[in-house]
Structure formats: structure tokens, C-alpha cells
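Participant: Show me the folded form of this:
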Amino acid sequence: MAEPDRWRQMASAPRDGSRILVTIRPSEQGPAEVDLAYWSHGDQFGPEGWRAADSAPGRIIEYAEPELKCWMPMPSANLNRTSMPSPWEGENDRELDGSGI
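Facilitator: Numbering: from 1, shown residues only. Purely as a prediction, here's the structure:
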């Protein structure tokens, strides 16, 4: 992944169980935020779908596809960065990943 610090469309997110950063869309419960998530192929604890990385058996946090705006690979360790990136706040999904051409 050549540009690790760039938000990308959810359609291109890896569904191999690797952990990624996601922007959760703003809702009546609060503003947009960033979470650490992964794709689960489903198991005895829940169906296939996006889960928060800190989920535990019996306490699974699942995200419906429409809740997630975009994703970014986990950044490499950087001692100068002390927090998560800001959520993507653009209005036009076409701004993600360029024009899609």
C-alpha cells in the first residue's frame, strides 16, 4: 500500500481479517469518529461483517456497511504521531481514491 495515510472507499477495504482504521459516519448519536476494525467471516459469536477490533466474545461491536464511510491501512509506528488521524469529513465520496477511473 503505497500511501498508508490516505482515506479510501470502503469497497476497496480488505476482507481478510486484517485490522484497519475506519471512519464511522456521523449520526444522531454523535459526530464522525475513527475506530479500529476488521472483517469477520462469521463464527459462533456473530455473522459475517465489520467488527470493532476490541470486540470480545459475547460483547461484539458490529458495524453495518452503511455506517462506515471510508478506511485507511494501519499507519506504521511513528513516534511523532500521538493520536488517531481525524475522521474523513469530505462531502463527496468521489474525493476518496480519486475519480475512480
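
Participant: isn't Asp16 right up against Trp39?
Facilitator: Yes - applying CB atoms under 8 Å, one finds Asp16 in contact with Trp39, separated by 7.0 Å. Quick note: C-beta positions are derived from backbone N, CA and C, even for glycine.

Participant: And stretch 6-18, end to end?
Facilitator: This stretch, stretch 6-18, spans 17 Å end to end (CA to CA, to the nearest Å).

Participant: quick one, strands of the protein?
Facilitator: Taking DSSP state E as the criterion, the chain carries its strands at 8-9, 20-24, 33-40, 49-52, 62-63, 68-73.

Participant: can you list the residues that contact the longest one?
Facilitator: The reference is to strand 33-40. 13-24, 46, 48-54, 63, 68, 74, 84-87 (CB atoms under 8 Å, 6 or more residues apart in numbering).

Participant: circling back: which one of the strands of the chain is the most hemmed in?
Facilitator: Of these, the one with the most neighbours on average (mean count of other CB atoms under 10 Å) is strand 20-24, at a mean of 22.

Participant: Mind giving me the packing neighbours of that strand?
Facilitator: Under the contact criterion of 3 or more CB pairs under 8 Å, 6 or more residues apart in numbering; DSSP states H and E, strand 20-24 touches strand 33-40, strand 68-73.
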